[in-house]
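Student: dropping the sequence and predicted coords here.
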Amino acid sequence: MHDLKSLRENPAFYDQNWARRGLAPQTPAILELDEKRRKLQTELQTAQNRRNEASKEIGSVKSKGGDAADLMAEVAALKDRMADLEAQEQDAATALNDLLSALPNMLADDVPDGADENDNVEIRRFGEPKTGNNAAVDHVAIGENLGMMDFEAAARVAGARFVVNKAGIARLQRALAQFMLDTHTTEHGYTEVDPPLLVSTDVMYGTTQLPKFREDQFETTDGRWLVPTAEVVLTNLVREQILDDSDLPLRYTAMTPCFRKEAGSAGRDTRGIIRQHQFYKVEMVSIVRPEESEAEHQRMVNCAENILKKLDLPFRTIVLCAGDIGFASRKTYDLEVWVPSQNKYREISSCSNCGDIQSRRMKARFKRPGAKDTEFVHTLNGSGLAVGRTLVAVMENYYDPTDGGIFVPEVLKPYMGGVSKIVKASS
RNA sequence: GGGCAGGUGGCAGAGUGGUUGAAUGCGCUAGUCUCGAAAACUAGUAUAGGUGCAAGCCUAUCGGGGGUUCGAAUCCCCCUCUGCCCGCCA
């Protein structure tokens, strides 16, 4: 949700900012509705005030044994008018809310201009990708040759965009998740959370998956939603709370399955596990004071990068341009890992500073010491990392063409029971 | 799934139709006292919105929604959450 007061005071700022995302001016319609709504509200409140007064008078007249018929007639008339005003005010408020909740966050000043992903800006690289190897074996071939990835079985039990991992690959993925979680909790100061995977509609609204991105979500028959990312649950942990200043910053991490319909992605990344209806992701979420969110953002990106560095996977970090940035985000860094079989970098993490757009929707506030008013917190989220895609990167970057095996990255060995290479079981 | 009991301010806990946004206690903040502290005393201490230059005034909120009434924390209905009992179940 957007700050109406601020929007009223500076509509040009909002329109200019939205224009960077390619949106037509929005504030004229908003301001008109807002004014209409407030006018109705004031009128309604005046009527309510008179009703309250009259009711008190009736009480006192009656207690003295007097006749309050005139006053009661006045209130009866007032009630009709109030019902009408209230309905109108509700309509205006709903319309205003619908309008506002469909509009994306304000971009940070230093977000580069641009129309789409081609205008994103690379800011740093790590590692040396093995380029030019068009014959690189992809993770599907590697996994199937090892007999540890079964897409046909997955299709039989669940349909397209699922996989069945087995044996060494299944364990490797578990090791990856474990390693990420341990690193975030012991080195990066995050608190591990084991959250619900089914959440309410309000929660999905809070982090902006609803109402605009309904098509990509799995809804249950009893009105709940499967989480598309742990961001949803972790961020909503502070919903409807007034936090104490000393509680901040809060840093949460969780490893969860994520469920997505991928409704708009038909035909994209159909091979392999790059884009699935269900995948594991280790997520980081920070809840911070407004003035701290920029620094926290940098910190979070470093935490995500650190995982890739420890795994010794080549990657690059980019800033998303105005045209490619997500709905809730003020500014987003993507980490892209080198995928040899595709001979390019692919997204493996996305770290976003959402400012106060989510906290406004969630009513997540905090109070500074001695302050009279509450303030909205800032929320940030980032993948640390997408486990399935990390598995792809490890399989392909650590592939041994001489025997079709996969070397286990050094940092994962403790999680693999001493196994240093995944090889085909001898039959 | 069935039944019973509940959900009131930061916490505890009154309140069962009429200045009750809400007693009282605790906690917290400020002041008095003190060399300082404790104790005691005094005052203050919810959230959101509207309106106003401002002081302020007004509206709403006692789990959520709807209803009855001139008037609802108090009465009625639905939902939800918590506790307990029974049933079922990983």
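Tutor: Now that the structure is in, tell me what you want to look at. Residues are numbered from 1 along each chain as shown, chains lettered A, B, ... in the order given.

Student: and chain A, which residues reach RNA strand B?
Tutor: Proximity of chain A to RNA strand B (Cβ under 7 Å from any atom of the strand) is limited to residues A:4-5, A:38, A:41-42, A:45-46, A:48-49, A:51-56, A:58-59, A:62-63, A:72, A:75-76, A:79, A:242, A:365, A:367, A:372-374. (Each C-beta comes from the backbone N, C-alpha and C, glycine too.)

Student: from the residues you listed, which land in strands?
Tutor: A:I242, A:R365, A:K367 (DSSP state E).

Student: can you give me the pLDDT of the first one?
Tutor: You'll see A:I242 listed with a pLDDT of 85.

Student: check A:N133 too.
Tutor: A:N133 is given a pLDDT of 65.

Student: now swap in A:G66 and tell me
Tutor: 75.

Student: what secondary structure does it sit in?
Tutor: coil (DSSP: H, G, I helix; E, B strand; the rest coil).

Student: ok, now which ones touch A:L99?
Tutor: Remark: with contacts taken as Cβ atoms under 8 Å, 6 or more residues apart in numbering, A:L99 is in contact with A:Q26, A:A29, A:I30, A:L33.

Student: related to what we said a few turns ago, drop anything exposed from the residues of chain A next to RNA strand B.
Tutor: A:L4, A:Q41, A:R51, A:A54, A:I58, A:V75, A:R365 (16 or more other Cβ atoms under 10 Å).

Student: report the two of the residues you listed separated the most.
Tutor: Using Cβ to Cβ, the two most remote members of those are A:I58 and A:R365, lying 39.5 Å apart.

Student: my guess is A:V301 meets A:L335, correct?
Tutor: Yes: contact criterion Cβ atoms under 8 Å: A:V301 and A:L335 qualify, at 7.5 Å.

Student: stretch A:258-272: how far from the chain's middle?
Tutor: 18 Å (Cα atoms, centre = their mean, to the nearest Å).

Student: tell me how far A:I274 lies from RNA strand B.
Tutor: 32 Å (Cβ to the nearest atom of the strand, to the nearest Å).

Student: show residues contacting the lowest-mean-pLDDT helix or strand in chain A.
Tutor: Least confident helix or strand of chain A, by mean pLDDT, DSSP states H and E, is strand A:242-244 with a mean of 85. Strand A:242-244 is touched from outside by A:L250, A:I287, A:A364, A:R365, A:F366, A:K367, A:T374, A:V377, with contacts defined as Cβ under 8 Å, 6+ apart.

Student: quick one, what contacts the second one?
Tutor: It refers to A:I287. Listed by Cβ under 8 Å, 6+ apart, the contact set of A:I287 reads A:T235, A:V238, A:L243, A:L248, A:P249, A:L250, A:R251, A:Y252, A:A364, A:V377, A:H378, A:T379.

Student: just the pLDDT for the second one.
Tutor: To tie it back to what came earlier, the one meant is A:V238. Reported pLDDT for A:V238: 90.

Student: do you know how far it is from RNA strand B?
Tutor: When A:V238 is compared with RNA strand B (using Cβ to the nearest atom of the strand), they lie 14 Å apart.

Student: before we move on, what about the fifth one?
Tutor: To RNA strand B, A:P249 is 20 Å away according to Cβ to the nearest atom of the strand.

Student: so what's that residue closest to, chain neighbours aside?
Tutor: Sequence neighbours aside, A:V288 is the residue nearest to A:P249 in space, at 4.3 Å (criterion: Cβ to Cβ, 6 or more residues apart in numbering).

Student: returning to that earlier point: ok, and the most crowded of the contacts of A:L99?
Tutor: With neighbours taken as other Cβ atoms under 10 Å, the top of these is A:I30, carrying 22 neighbours.

Student: I figured that one was touching A:D98, is that so?
Tutor: No: between A:I30 and A:D98 there is no contact under Cβ under 8 Å: 11.0 Å.

Student: next, give phi and psi for the residue of the stretch 301-427 of chain A found nearest RNA strand B.
Tutor: Closest to RNA strand B within the stretch 301-427 of chain A is A:T374: 3.9 Å, counting by Cβ to the nearest atom of the strand. Phi and psi for A:T374, reported as degrees, to the nearest 10, are phi -90, psi 160.

Student: what sits against the nearest residue to it once chain neighbours are set aside?
Tutor: Among residues not flanking A:T374 along the chain, A:R365 sits closest, at 3.9 Å (Cβ to Cβ, 6+ apart). By Cβ under 8 Å, 6+ apart, the contact set of A:R365 is A:Q241, A:I242, A:L243, A:S359, A:T374, A:E375, A:F376, A:V377.

Student: re the thing from before, any residues in contact with both of A:V301 and A:L335?
Tutor: A:T317, A:C351.

Student: which neighbouring elements make contact with the longest helix that chain A contains?
Tutor: Longest helix in chain A, counting residues (DSSP state H): helix A:27-63. With contacts taken as 3 or more Cβ pairs under 8 Å, 6 or more residues apart in numbering; DSSP states H and E, helix A:27-63 sits against helix A:4-9, helix A:11-19, helix A:69-101.

Student: tabulate those (TSV), appending mean pLDDT.
Tutor: Putting the helices and strands packed on helix A:27-63 into TSV (pLDDT from 0 to 100) gives the following:
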stretch	mean pLDDT
helix A:4-9	92
helix A:11-19	95
helix A:69-101	89
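
Student: quick one: which of these is nearest A:L107?
Tutor: Here helix A:11-19 is closest among these (Cβ to Cβ), at 5.7 Å.

Student: report the angle between the closest one and helix A:27-63.
Tutor: 130 degrees (axes from the mean of the first three to the mean of the last three Cα atoms, to 10 degrees).

Student: show me the contacts for the residue positioned nearest the centre of chain A.
Tutor: The residue lying closest to the centre of chain A (Cα atoms, centre = their mean) is A:E231, at 4.9 Å. Neighbour list for A:E231: A:T207, A:E283, A:V285, A:N381 [criterion: Cβ under 8 Å, 6+ apart].

Student: circling back to that earlier point, tell me how far the least confident helix or strand of chain A lies from the chain's centre.
Tutor: Distance, centroid of strand A:242-244 to centroid of chain: 22 Å (Cα atoms, centre = their mean).

Student: list the buried ones in the helix or strand immediately after that strand in the chain?
Tutor: Moving toward the C-terminus from strand A:242-244, the next helix or strand (DSSP states H and E) is strand A:250-259. Within strand A:250-259, the residues scored as buried using 16+ other Cβ under 10 Å are A:L250, A:R251, A:Y252, A:T253, A:A254, A:M255, A:T256, A:C258, A:F259.

Student: kindly report the same for stretch A:286-298.
Tutor: Under 16+ other Cβ under 10 Å, the buried positions of stretch A:286-298 are A:S286, A:I287, A:V288, A:R289, A:E292, A:S293, A:E294, A:E296, A:H297.
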